[in-house]
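Asker: Quick one, structure for this:
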Amino acid sequence: MNILIAPDSFKGTFRSQKMAEMIKAALPAHLQKQAMMLPLADGGEGTAALIANHLKTKFYDVEVIGPYHEPHTARYYISGDTAIMDMASASGLECVSGKRLKPALATTYGTGQMILAALNHNVKKLLLGLGGSATVDGGAGALMALGAKLLDQNGNPISLGNRGLNDLHIIDIASARKRLQEIDFTLLSDVTNPLLGDNGAVRKYGPQKGVLQNDLQCYETNVSNFADCFGNEKTKDLMNKTGAGAAGGMGFGLATIGGKLVSGFGFISDLVRLDQKIKESDLIITGEGKVTETSFHGKVIGEVIRKSRAFNKRCLVISGGKIDLAFINKSNDNLLYVSLFDHSYEFDFIVKNTFNRLIKKLNEIL
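Answerer: Residues are numbered from 1 along each chain as shown. Below is the predicted model:
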């Protein structure tokens, strides 16, 4: 039996490469030699490193302003005339792991600084993964770092973060567009959501970043004001573009200065020849930190399940946290699923016990 191990990262604990290694090592001994590892990403954290592993690259570290305005070191990669980076490295939840979430303050300014650093290498192409953000500022911070003017009614720069968008009155993105006008700028989106609405950046993903249910409308209003201040029909079309809601609306914000939104999973899938490798396998094992409804909006889990079904292959889904079975197609006999931890535990407990849980669960099901 040929086994393809193709997980996403388990957010906040293990990158996809490490998870693939642990899954393989946890398989029953007679199956390990038949297993091939193919770590995946979809534009979320770890995307740049995964792409870099398939190319000849050099990495660079740069000091930026982190999500909560603190000094932070972000990493990007250069391969020939191409820069590769994750916004999560500069403005993601991984930057504030273990800290109290502050979504009103959270800014993408550091991502803009990282882009500027990469442009100093005279690149012609820029790949930016949009997942794993700590932010809901619509990409306003990144635009400001790139030279855009976001001003209040008195002509003063607005404050960083979602709360500053409430004061926004005038946007001038000419300088930011000029910086990138000669760059082939690709935005690798890990979701398919639009900017606004029940399925948009704030209402669908805000709670993951610390937005309280009672505050969702306030955050939504601020992002809506940000979009309205552009004041043109082309921008209105961008609001509803697939992936505009990625990274707290950063997909939309950077699309206004020429970024092209594409499926992060689709890009990675083509790069690693995923379809061919699924065809050659009998069982596909995938997984992520917690399988939820959002896992089926362009993310690794939902797309691997879809492809496995298309090729009539068995698929085992491993979720770090408890799976809500409402989102699992129970009519699919080729789909198996398992949760490693059905209750909430401290970070150290999860890291310490994940491998043993994998051994136990995989030996039970295989």
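Asker: can you give me the strands in the stretch 251-366 of the chain?
Answerer: Using DSSP state E, counting those that start in this stretch, the strands found in the stretch 251-366 of the chain span residues 260-263, 283-288, 314-319, 335-339.
Asker: helices and strands around the helix or strand of the chain with the lowest mean pLDDT, which ones?
Answerer: The helix or strand of the chain with the lowest confidence, counting by mean pLDDT, DSSP states H and E, is helix 233-239 at a mean of 87. Contacts defined by 3 or more C-beta pairs under 8 Å, 6 or more residues apart in numbering; DSSP states H and E place helix 233-239 against helix 216-228, helix 246-255. The C-beta positions use only the backbone N, C-alpha and C, and glycine is treated the same way.
Asker: Highest mean neighbour count out of those helices?
Answerer: Comparing the helices and strands packed on helix 233-239 by mean neighbour count (mean count of other C-beta atoms under 10 Å), helix 246-255 comes out on top with a mean of 32.
Asker: Low-confidence stretches in this protein?
Answerer: With pLDDT under 70 as the threshold, the chain has low-confidence stretches at 325-332.
Asker: need the contact list for the spatially most central residue of it.
Answerer: For the chain, the residue sitting closest to the mean C-alpha position, by C-alpha atoms, centre = their mean, is residue 131 at 1.5 Å. By C-beta atoms under 8 Å, 6 or more residues apart in numbering, the residues touching residue 131 are 42-45, 47, 86-88, 189-191, 246-247, 264.
Asker: ok, which pair from those residues is furthest apart?
Answerer: The largest separation in the contacts of residue 131, counting by C-beta to C-beta, is between 86 and 191 at 14.6 Å.
Asker: More neighbours: which of the two?
Answerer: residue 86 (35 against 28; other C-beta atoms under 10 Å).
Asker: Show me the helices in the stretch 1-150 of the chain, by range?
Answerer: Here the stretch 1-150 of the chain has its helices, by DSSP state H, counting those that start in this stretch, at 16-26, 29-32, 47-53, 88-91, 109-119, 140-145.
Asker: which one of those is the most hemmed in?
Answerer: Highest mean neighbour count among the helices of the stretch 1-150 of the chain (mean count of other C-beta under 10 Å): helix 88-91, with a mean of 31.
Asker: And that helix, what does it pack against?
Answerer: When contacts are defined as 3+ C-beta pairs under 8 Å, 6+ apart, helix 88-91 sits against strand 71-79, helix 109-119.
Asker: ok so, going back, which of the strands of the stretch 251-366 of the chain sits most buried?
Answerer: strand 283-288 (a mean of 26).
Asker: tilt between that strand and strand 314-319?
Answerer: Interaxial angle of strand 283-288 relative to strand 314-319 (axes from the mean of the first three to the mean of the last three C-alpha atoms, to 10 degrees): 20 degrees.
Asker: what residues does strand 283-288 touch?
Answerer: Applying C-beta under 8 Å, 6+ apart, the contact partners of strand 283-288 are 1-11, 19, 23, 40, 278, 295, 299-301, 304-305, 308, 313-320.
Asker: Direction-wise, compare that strand with strand 335-339 and give the angle.
Answerer: Strand 283-288 and strand 335-339 are oriented at 40 degrees to each other (the same axes, to 10 degrees).
Asker: Strand 283-288 - which strands sit beside it in the sheet, and in what orientation?
Answerer: Next to strand 283-288 in the sheet, as set by DSSP bridges, lie strand 3-5 (parallel), strand 314-319 (parallel).
Asker: Just the CA trace of the longest one, in PDB.
Answerer: Meaning strand 314-319. In PDB, the C-alpha atoms belonging to strand 314-319 read as follows (Å, rounded to 0.1, in the frame of the first residue of the first chain):
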ATOM      1  CA  ARG A 314      -8.900   6.800   0.700                       C
ATOM      2  CA  CYS A 315      -8.100   9.800   2.800                       C
ATOM      3  CA  LEU A 316      -7.300  10.000   6.500                       C
ATOM      4  CA  VAL A 317      -7.700  13.400   8.100                       C
ATOM      5  CA  ILE A 318      -5.800  14.100  11.400                       C
ATOM      6  CA  SER A 319      -7.000  17.000  13.500                       C
END
